[in-house]
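Undergrad: Got a sequence here, can you model it:
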Amino acid sequence: MALPVAFFGLFFAFPVAAIVGRGLRTPAGAWQLQRFTQVVTDPDTLHVLWFTVWQAAASTACTLALALPCCFVFARFDFPGKQVLRAVVTVPFVLPTVVVGSAFLALLGRGGLLEEWAGLRLDTSVWAIVLAHVFINYAVVVRTVGGLWSQLDPRQEEAARVLGAGRFAAWRRVTLPALAPSVGAAALIVFLFTFTSFGVIQVLGGPRYATLEVEIYRQTAALLDLPTAAVLTLVQFAAVTVLLAVHARTVRKRQSALSMVPAARTAQRPRGGAQWALLGSVLTVTAVLILVPLGVLAVRSFEGPDGFGLANYRALGEVSGDATFTVPPVEAIGNSLAYAAVATLLALTVGGLAAAALTTRGRGGAVDRLVRGFDSMLMLPLGTSAVTVGFGFLIALDEPPLDLRSSWMIVPVAQALVGVPFVIRTMLPVLRAVDVRLREAAAVLGASPLRAWREVDLPMVSRALLVAAGFAFAVSLGEFGATVFIARPDAPTLPVAVARFLGRAGELNYGQAMAMSTVLMLVCAATLLTLERIRTHPSGEF
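TA: Residues are numbered from 1 along each chain as shown. Purely as a prediction, here's the structure:
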């Protein structure tokens with residue numbers, strides 16, 4: 001636990017505490033706690049908080065309603081292209097939120113597909129935000145609930161039907177109670193991600209809508225009002241801590257005994273018109289929800305000032321005349337790949353050690369409580385304001401030997417903070433499945449702890465390690481909230497480049513944003529298709 005605790009303490013807790021302390025203390029060093037009451041009771045703050053909670057609740061409800069039928073189809077049906085579709089469904093989740101905003105801007109905004117077909121525009125509306133959030137988090141429900149559903153023994157439901165229960169009654173009384181903790185965990189994760197939404201709101205919300213995260217960014221970057229930003233950060237942090245505590249309790253409930261079977265035994269070809277109709281309707285909804293925005297994004301990337309062609313992609317190799325970039329934008333691709341590779345190594349090291357520490361169980365109440373607290377701490381970066389973390393890096397890491405402001409390492413370190421939870425959630429189920437008696441046998445035969453790990457654990461978790469590396473790479477590639485503060489102008493990342501293009505007027509800038517978004521989308525899709533071929537544990541913890 002030592003290295004993960006030191007990593008999170010130095011690069012997460014320290015920067016966040018520094019920015020909050022800077023905001024809530026006067027130049028003389030006195031705490032201005034009255035500022036907290038002023039901000040929390042301000043009508044504008046209450047409106048932002050209300051909208052943050054409302055849009056998160058609406059996005060969560062819509063995501064569950066659309067994704068649960070897809071969970072059933074993935075769990076119980078076997079059909080051609082299932083693995084490819086599973087990877088495609090996951091692509092939106094690892095895309096940078098600013099790219100998702102670009103896709104829905106091309107679909108619902110000015111000159112978008114919806115305006116061409118129906119004369120309607122939904123950008124700068126709450127429904128565009130909700131749809132984009134469903135698009136992003138669809139995979140969370142499908143993989144979290146669908147993974148468990150695929151391993152539930154269907155004979156339990158069949159036994160209920162033999163005893164006289166109808167199809168719906170058997171599902172409600174047998175399957176639903178077994179799935180309820182998993183559905184609750186998925187709902188909490190979706191609510192957490194939408195509660196802290198930033199990029200989607202920035203692109204699609206316009207000036208009318210702002211979440212806590214967007215307001216923190218506005219107060220920090222635009223108004224330089226650190227006291228207000230600090231208070232909003234504490235409010236968001238408190239809300240996220242409560243959500244994570246509830247999530248941890250829900251996950252523990254998932255660990256209750258269930259009758260599980262291999263997923264391959266529960267899926268079968270659809271039979272009858274009703275099952276084929278259900279499969280067709282779910283595939284249609286998935287295609288409209290997932291493939292249409294991605295397809296529109298790709299098509300828009302080829303629409304340049306001179307018509308359909310490669311003008312936007314060719315322009316990425318040139319330095320813009322409006323000082324948007326000091327280097328050709330195409331260099332952002334190489335920068336992002338290099339940063340993501342280093343961040344992946346960091347995330348694997350820290351996350352792998354943390355997952356190994358979390359396998360400690362049954363050593364007494366105090367130790368178990370310590371491990372649970374450690375687990376919750378490692379999840380905090382997913383729910384804490386990335387804007388606060390990024391700006392905190394600039395405030396806190398400004399003195400030797402930790403003056404990283406001018407170092408390229410500051411970007412992969414920030415990206416690794418987001419990648420570590422995904423490594424842990426991927427590795428933990430597999431590490432817990434390793435029989436401890438194998439390690440004990442190796443120790444009896446004279447193997448040191450390091451050799452026992454190398455020859456017993458590593459061969460069994462190697463595939464999971466590759467999956468964890470892939471997820472960490474894809475997530476690091478798309479990190480935006482913190483990177484937008486710390487990426488140097490001469491070394492931008494892909495998400496930062498997309499945001500800068502969208503922030504500039506002009507058809508060519510818009511086209512280049514679509515082109516860079518398409519490149520990033522293809523890289524993420526290729527990574528996830530590779531992961532799907534080596535995927536191991538189907539239920540996982542994420």
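Undergrad: Now do the same for L402: helix, strand or coil?
TA: coil (DSSP: H, G, I helix; E, B strand; the rest coil).
Undergrad: List the contacts of it.
TA: L10, A396 (Cβ atoms under 8 Å, 6 or more residues apart in numbering). Backbone N, C-alpha and C define where each C-beta goes, glycine included.
Undergrad: now with 10 Å?
TA: L10, F11, F14, F393, A396 (Cβ atoms under 10 Å, 6 or more residues apart in numbering).
Undergrad: In this structure V434 contacts D457, no?
TA: Yes: if you go by Cβ atoms under 10 Å, V434 and D457 touch, sitting 5.8 Å apart.
Undergrad: ok, back up a step: just the buried residues of the contacts of L402.
TA: F11, F14, F393, A396 (16 or more other Cβ atoms under 10 Å).
Undergrad: And the first one, how far from P4?
TA: Here F11 is placed at a distance of 11 Å from P4 (Cβ to Cβ, to the nearest Å).
Undergrad: So for these two, which residues contact both of them?
TA: V350.
Undergrad: How is this structure partitioned into domains?
TA: Taking automatic domain parsing as the reference, the chain has its domains at 1-32+307-542, 33-300.
Undergrad: Format the ones you listed as JSON lines; extra columns: mean pLDDT.
TA: Shown next, in JSON lines, are those (pLDDT from 0 to 100):
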{"stretch": "domain 1-32+307-542", "mean pLDDT": "78"}
{"stretch": "domain 33-300", "mean pLDDT": "80"}
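Undergrad: excluding its backbone neighbours, what's nearest L131?
TA: With sequence-adjacent residues excluded and distances taken as Cβ to Cβ, 6 or more residues apart in numbering, L131 is closest to F104, at 6.7 Å.
Undergrad: Please, which helix or strand holds that neighbour?
TA: Here F104 sits within helix 97-108, counting by DSSP states H and E.
Undergrad: Could you list every helix and strand in contact with that helix?
TA: Packing partners of helix 97-108 (3 or more Cβ pairs under 10 Å, 6 or more residues apart in numbering; DSSP states H and E): helix 82-94, helix 113-118, helix 126-149, helix 199-200, helix 292-300, helix 458-478, helix 494-502, helix 507-534.
Undergrad: Any chance of JSON lines for those, columns mean neighbour count?
TA: Below are the helices and strands packed on helix 97-108 laid out as JSON lines (neighbours: other Cβ atoms under 10 Å):
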{"stretch": "helix 82-94", "mean neighbour count": "20"}
{"stretch": "helix 113-118", "mean neighbour count": "13"}
{"stretch": "helix 126-149", "mean neighbour count": "24"}
{"stretch": "helix 199-200", "mean neighbour count": "27"}
{"stretch": "helix 292-300", "mean neighbour count": "19"}
{"stretch": "helix 458-478", "mean neighbour count": "21"}
{"stretch": "helix 494-502", "mean neighbour count": "26"}
{"stretch": "helix 507-534", "mean neighbour count": "21"}
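Undergrad: related to what we said a few turns ago, make a markdown table out of the buried ones among the contacts of L402 and add secondary structure and distance to V246.
TA: As requested, the buried ones among the contacts of L402 are exported to a markdown table (DSSP: H, G, I helix; E, B strand; the rest coil; distance: Cβ to Cβ, whole Å):
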| residue | secondary structure | distance to V246 |
| --- | --- | --- |
| F11 | helix | 26 |
| F14 | helix | 27 |
| F393 | helix | 29 |
| A396 | helix | 30 |
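Undergrad: Among those, which one lies nearest to F72?
TA: Closest approach to F72 among the buried ones among the contacts of L402 (Cβ to Cβ): F11, at 41.2 Å.
Undergrad: Just to check, the closest one is in contact with A347?
TA: No: with contact defined as Cβ under 10 Å, F11 does not reach A347; the gap is 12.0 Å.
Undergrad: Common neighbours of those two, please.
TA: Common neighbours of F11 and A347, using Cβ under 10 Å, 6+ apart, are A416, L417.
Undergrad: quick revisit: now the helices and strands packed on helix 97-108 in TSV, with distance to E213?
TA: Below are the helices and strands packed on helix 97-108 laid out as TSV (distance: least, Cβ to Cβ, whole Å):
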stretch	distance to E213
helix 82-94	18
helix 113-118	27
helix 126-149	13
helix 199-200	9
helix 292-300	22
helix 458-478	16
helix 494-502	14
helix 507-534	21
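Undergrad: of all those helices, which lies closest to A170?
TA: That would be helix 126-149 among the helices and strands packed on helix 97-108, by Cβ to Cβ, at 14.5 Å.
Undergrad: by contact count, what packs against the closest one?
TA: Counting by 3+ Cβ pairs under 10 Å, 6+ apart, helix 126-149 packs on helix 43-76, helix 82-94, helix 97-108, helix 176-195, helix 199-200, helix 272-286, helix 292-300.
Undergrad: Ok, which of those comes nearest A222?
TA: Among those, helix 43-76 comes nearest to A222, with 14.5 Å by Cβ to Cβ.
Undergrad: Verify the stated contact: A298 with A515.
TA: Yes: between A298 and A515 there is a contact at 9.4 Å, judged by Cβ under 10 Å.
Undergrad: give me the number of residues near the residue nearest to P4 when sequence neighbours are not counted?
TA: Ranked by Cβ to Cβ, 6+ apart and with sequence neighbours excluded, the top spatial neighbour of P4 is A354, at 4.1 Å. By other Cβ atoms under 10 Å, 25 other residues sit near A354.
Undergrad: Noted, bye for now.
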